[in-house]
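>>> pasting a predicted model and its sequence here:
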Amino acid sequence: MRILIVDDDPLVRQSLKLLLEKESDIEVNGLAADGLEAIEQCDTDLPDVVLMDIRMPNMDGIESTKQLKSKWPKLLIMMLTTFKDEQNIRLALQAGAAGYLLKSTPIENMAQQIRALMTGGSVLDADVLKQIMEPEVNSKLDDLTDRENDIAAAIAQGLSNKEVADQLFLSVGTVRNTLSVILDKLELRDRTQLAIYYWKRDNKAKD
């Protein structure tokens with residue numbers, strides 16, 4: 001898989017490049033110092049995944065994510081940042097980011113999370129997830145059928161459609177179609193928002 005690393009710190013860019021390229025299935029095909037450069041590089045050579053910092057000069061990661069997703073809706077963008085405040089997390093996910101990891105994540109785990117993203121999984125650091133859980137959630141999950149709830153629970157664990165299908169003995173097409181129904185019922189945009197919604201409900205139930 002081909003990755004574009006976007007960060008205003010040249011040391012961070014080079015370090016991530018060296019570490020990630022030790023993985024046999026990862027190729028870093030571009031480095032960008034800000035959100036504008038990220039868009040320019042994607043225009044020239046579109047990667048599979050963008051690792052995007054948030055706070056950068058000229059154009060920040062959130063605005064860049066919005067523009068990239070507008071041009072290439074299927075492009076996978078993972079926010080990789082030192083910041084885990086709730087506002088940044090929510091803005092990044094609303095902009096279309098498919099994952100949100102902290103720079104403190106061990107490189108081995110980061111590579112695994114990138115692979116999970118590529119196979120359709122949702123990626124949220126555990127510390128990040130805690131930041132966006134709210135104590136009160138008016139859950140519509142109770143309106144889902146048993147099968148829909150099973151699929152929602154599996155997706156909330158970060159499983160891809162194929163992994164969900166294997167676990168629940170369903171076809172990938174059934175999982176994909178049911179996921180569309182679930183998102184429509186819950187008025188959510190994608191599987192990442194579904195994972196957040198599910199874990200908010202679960203967190204409330206434990207309180």
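In hand now; what should we look at? A quick note: this is a predicted structure, and the numbers were derived from the prediction, not measured.
>>> helices and strands of this protein: which one bottoms out on pLDDT?
Ranked by mean pLDDT, DSSP states H and E, the helix or strand of the chain with the weakest confidence is helix 126-132, at a mean of 52.
>>> how far away from the center of its chain is the helix or strand just after it?
Following helix 126-132 in sequence order, the next helix or strand is helix 146-156 (DSSP states H and E). Chain-centre distance of helix 146-156: 18 Å, with C-alpha atoms, centre = their mean, to the nearest Å.
>>> pull out the buried residues from helix 146-156.
Using 16 or more other C-beta atoms under 10 Å as the test for burial, helix 146-156 gives Glu148, Asp150, Ile151, Ala152, Ala153, Ala154, Ile155, Ala156. From N, CA and C alone the C-beta is placed, and that goes for glycine too.
>>> all strands for the protein, in order.
Assigned by DSSP state E, the chain shows strands spanning 2-6, 27-32, 49-52, 76-81, 99-102, 123-124.
>>> tell me the most buried of those strands?
Per residue and on average, the most neighbours among the strands of the chain fall to strand 49-52, with a mean of 27 (mean count of other C-beta atoms under 10 Å).
>>> residue contacts, Ala33?
Going by C-beta atoms under 8 Å, 6 or more residues apart in numbering, Ala33 touches Val6, Asp7, Asp8, Pro10, Arg13, Met56.
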